[in-house]
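[1] Below: sequence and its predicted model.
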Amino acid sequence: MNKYLIVYLILFLPISGFAADITEKLSISGTETTVYQWLDKSQGDVPNKDRGSTVIDFNVSFRPTDNNEFFIRATFAKGSGFHSESSLYPFTLNPNADDLFVDLHNINGHSRDHLQELWYAHKFNIKEDISLKLTAGIIDSTAFIDDNAYAADEVSQFMNETFVHNPLANLPSYDAGVAAEFETGDFHIRAVGMNSKNDYDRDYNYFALQLGYKLDTEIGEGNYRIYGFTTNKKFDKWQKSEDERLNKGSLKGIGSSFDQQLIKDVLGAFFRAGWQDDSAQIDYNKMVSFGLNLNGSVWGRKDDEVGIGYAYLKSPSKAQLKRTNVFESYVKFKLFSYNVLNSDITLDYQYIQDKYPQEETKAGHIYGLRFNVSF
């Protein structure tokens, strides 16, 4: 048995009866996620490999009042699975978007390995259905931008990063920033500002704004969001120069994220689209993804679900890639629920294809197994 799972069981099972809510103001939660994936060559220079990982997430929330919250999140990981930074993995997009060992080492160039979030939030109740919430600290921009009911959680939904969040949104995580959330009825405005570090080891500032609307209809709830983002001039441009200042450029783009129930509480659909300026060095400048979510109530198990998704990503003419196609499907089964302790298992399948300008193609099938224990 994985040693991380043993530690989890020793630490958390004995207190599972009261772990979720220590007091009315203090609560803790956690998840242990073990993933194993098999890569099977379909086309091109693709090795047949298998890799695994185990991740433990631990969250603490303290609410001294209804409108104030202090939050801390730490993650511990064993193994990096298949990752784009590994020479053993041939594709650009990661098939497991969870934060693995390689992601947690010196997070974003900082001398910390496990602390991901540490923030304070205060909510101002302006009127009965109008509020403004401000959050500041070490935050994750994916909590505010490009959310989706059916494709935004790598632990319980799709695993490939292109379905968890739009890769073209370049959403930074686990860095200093502020966020504002304004809500009035079914309409929201969210703004995020963060300082982070890009893949070229350059500090930059990131700003994003999202508009969203929740629509209730006879067939069920729908959520429609559009957003835009920009950075300051800290990204490398394609043209190289001896003068470093001439290599710097901003990155900007727009995107949308929709989810809509088609049959209330049974069948839902999601859609994403994105575009970003290709003056900076990027892998993709256009993308579209869509899919379906089927609830297990169809076969009498409402906690089970099936997801199917397809994504198409196009690269700019100066990139090494030409385009990428991704297909993923999964079926998740709930194993047990006891008090505040829950467990599920997911069978996952992915097909990834990277095409290059020289007509070279790399393609492979990835078969995955994911096991969760949470409280």
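    Cool, the structure landed.
[2] remind me which residues of the stretch 51-200 of the chain are low pLDDT?
    The model of the stretch 51-200 of the chain has pLDDT under 70 over residues 85, 199-200.
[3] again, 80 this time
    84-88, 198-200 (pLDDT under 80).
[4] nearest spatial neighbour of the residue nearest the centre of the chain, skipping sequence neighbours?
    In the chain, the residue lying closest to the centroid (CA atoms, centre = their mean) is Val164, at 4.3 Å. Closest residue in space to Val164, ignoring its immediate chain neighbours: Ala97 at 4.3 Å, by CB to CB, 6 or more residues apart in numbering. Every residue, glycine included, has its C-beta placed from N, CA and C.
[5] Next: Val178.
    Closest to Val178 by CB to CB, 6+ apart is Ala136, at 4.7 Å.
[6] how many other residues sit next to the nearest residue to Ser86 once chain neighbours are set aside?
    Among residues not flanking Ser86 along the chain, Ser80 sits closest, at 6.7 Å (CB to CB, 6+ apart). Neighbour count of Ser80, defined by other CB atoms under 10 Å: 21.
[7] Same question for Asp66.
    9.
[8] can you give me the helices in this structure?
    Using DSSP state H, the helices of the chain run over 3-12, 101-104, 161-164.
[9] List the contacts of Tyr284.
    Pro167, Leu168, Gln276, Leu313, Lys314, Ser315, Pro316, Ala319, Leu321, Thr324 (CB atoms under 8 Å, 6 or more residues apart in numbering).
[10] Next up, the contacts around the second one.
    Translated: Leu168. Residues near Leu168 by CB under 8 Å, 6+ apart: Gly253, Gly255, Gly274, Trp275, Gln276, Ile282, Tyr284, Asn285, Lys286, Met287, Leu313.
[11] now, the most widely separated pair of these?
    Within the contacts of Leu168, Gly255 and Ile282 form the most distant pair, 13.8 Å apart (CB to CB).
[12] With Leu347 as the reference, measure out to the residue nearest to Ser86.
    Ser80 sits 22 Å away from Leu347, going by CB to CB, to the nearest Å.
[13] Thr23 now?
    39 Å.
[14] One more: Ser27?
    Here Ser27 is placed at a distance of 31 Å from Leu347 (CB to CB).
[15] How about Asp50?
    Between Asp50 and Leu347 the computed distance is 15 Å (CB to CB).
[16] Check Gly109 too.
    36 Å.
[17] ok, now Glu183?
    Glu183 is 37 Å from Leu347, where distance means CB to CB.
[18] neighbour count winner among these two?
    Glu183 (18 against 14).
[19] from memory Val340 sits against Phe375, does it?
    Yes. With contact defined as CB atoms under 8 Å, Val340 counts as touching Phe375 (4.8 Å).
[20] more neighbours, these two?
    Using other CB under 10 Å, the more surrounded residue of Val340 and Phe375 is Phe375, with 21 against 15.
[21] list the contacts for the residue nearest to Val164?
    Glu154, Met159, Asn160, Glu161, Val164, His165.
[22] Leu294 too?
    Leu294 sits next to Val266, Leu267, Glu305, Val306, Gly307 when contact means CB under 8 Å, 6+ apart.
[23] Swap in 7 Å and give it another go.
    Leu294 is in contact with Leu267, Glu305, Val306, counting by CB atoms under 7 Å, 6 or more residues apart in numbering.
[24] Identify the bridge partners of the residue nearest to the second one when sequence neighbours are not counted.
    Beyond its immediate neighbours in the sequence, the residue positioned closest to Glu305 (CB to CB, 6+ apart) is Lys332, lying 5.2 Å away. Judged by DSSP bridges, the bridge partners of Lys332 are Glu305, Thr346.
[25] Quick check, Lys332 in contact with Arg301.
    No. Counting by CB atoms under 7 Å, Lys332 stays clear of Arg301, with 10.2 Å between them.
[26] Between those two, which is the more surrounded one?
    Lys332 (19 against 12).
[27] how much space between that one and Glu360?
    Remark: distance between Lys332 and Glu360 (CB to CB) = 35 Å.
[28] burial measure for Val326, as a count.
    For Val326, the count of nearby residues is 24 (other CB under 10 Å).
[29] How about Arg272?
    That count, for Arg272 with other CB under 10 Å as the rule, works out to 27.
[30] quick one: it and His165 touch, right?
    No. With contacts defined as CB under 7 Å, Arg272 does not count as touching His165, sitting 8.7 Å away.
[31] so what's the residue nearest to the centre of the chain up against?
    Counting by CB under 7 Å, 6+ apart, Val164 touches Ala97, Ala151, Ala152, Glu154, Phe158.
[32] Likewise for Gly309?
    Here Gly309 is in contact with Ala151, Phe158, Phe163, Ser289, Gly291, Glu328 (criterion: CB under 7 Å, 6+ apart).
[33] Lovely, talk soon.
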